[in-house]
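Let me see the structure of the following:
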Amino acid sequence: MLVFVPLDWDMSPNRVDKSIDLTLEDFAAQVEEAELLSSQYLNLVTKYGAHLHIGQRLGGKGSI
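Residues are numbered from 1 along each chain as shown. You can find the predicted model right below:
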């Protein structure tokens, strides 16, 4: 059993416990899903990266 505690820096004694319990199998499934999403994102960037213009709107006028 794994327990993950979010680091939101709320150290007050009455804070709500936001920890998450996972089995190793659940954790492995989440890692696998994250790796798949990362791979899909990389494929999109590789395929369409030449068309990206950071800071420009779709119409090409002005910046974000």
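
Tell me the secondary structure at Gln40.
Under DSSP: H, G, I helix; E, B strand; the rest coil, the three-state class of Gln40 is helix.

Look up how far Val31 lies from it.
15 Å (C-beta to C-beta, to the nearest Å). The way it works is simple: take the backbone N, C-alpha and C, and place the C-beta from them, glycine included.

Over to Ile54?
As defined by C-beta to C-beta, Ile54 lies at a distance of 29 Å from Val31.

more neighbours, those two?
Val31 (10 against 6; other C-beta atoms under 10 Å).

any idea which helix or strand carries the more buried one?
helix 24-48 (DSSP states H and E).

Tell me which residues are up against that helix.
Residues outside helix 24-48 that contact it (C-beta atoms under 8 Å, 6 or more residues apart in numbering): Leu2, Leu22, Leu52.

if we take the residues you listed, which one ends up nearest to Trp9?
Within those, proximity to Trp9 (C-beta to C-beta) peaks at Leu2, which comes in at 21.5 Å.
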